[in-house]
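Participant: test case, fold it:
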Amino acid sequence: MTLTGFVRAAAVATAVAAMAVGTSLATPQSASAATQTARKASLWWNGSLYEAEVDNNPGNGAPSWLWLADYKRDDYVGTIAHVVFVDGTTGTWGPVYGGTGTVGLPKDVRSFQVCSYFAPTYTACSGWVTP
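Facilitator: Presented below is the predicted three-dimensional model:
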């Protein structure tokens, strides 16, 4: 390969890598690895995995964010998260069915848990996690 061909190939590889980063469906990351503040709650129930992750320092301008995931599709069971904020107020987000979802939260989170949800009840919940 000539030097010109190598430079062209490197430029294409860099462009492809940049596009892949921009379209990634991976869990959102905090501002940097050194300041990683996210904590995850996981629940295995009836052969399915449900997860919630909270970051009180996301680096995107929001006070905190919540990510929810339901890894099983077509079973009518979703995932929700119960959240207790630092001021003592509470909230519930979801359900998410067969995929992932994120939301910017209005305040920092004190604790949270993930639950499987089969309307209109929760079928199982993880323990409480402190971010």
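Participant: mind listing the strands for the chain?
Facilitator: 39-45, 48-55, 64-70, 78-85, 90-96, 100-105, 109-118, 121-125 (DSSP state E).
Participant: I'd like to know which elements the first one is packed against.
Facilitator: Which is strand 39-45. strand 48-55, strand 109-118, strand 121-125 (3 or more CB pairs under 8 Å, 6 or more residues apart in numbering; DSSP states H and E). All C-beta atoms are positioned from the backbone trio N, CA, C, and that covers glycine.
Participant: go again using 6 Å as the cut-off
Facilitator: For strand 39-45, the packing partners by 3 or more CB pairs under 6 Å, 6 or more residues apart in numbering; DSSP states H and E come out as strand 48-55, strand 109-118.
Participant: of those strands, give the one that comes closest to Tyr76.
Facilitator: strand 109-118 (6.5 Å; CB to CB).
Participant: name the surrounding residues that touch that closest one.
Facilitator: Residues from elsewhere that reach strand 109-118 (CB atoms under 6 Å, 6 or more residues apart in numbering): 41, 43, 45, 50-52, 54, 56, 64, 77-78, 80-86, 95, 122-126, 128-131.
Participant: ok, now stretch 80-100?
Facilitator: So stretch 80-100 is contacted by 52, 66, 68-70, 73, 78-79, 103, 107-115, 117 (CB under 6 Å, 6+ apart).
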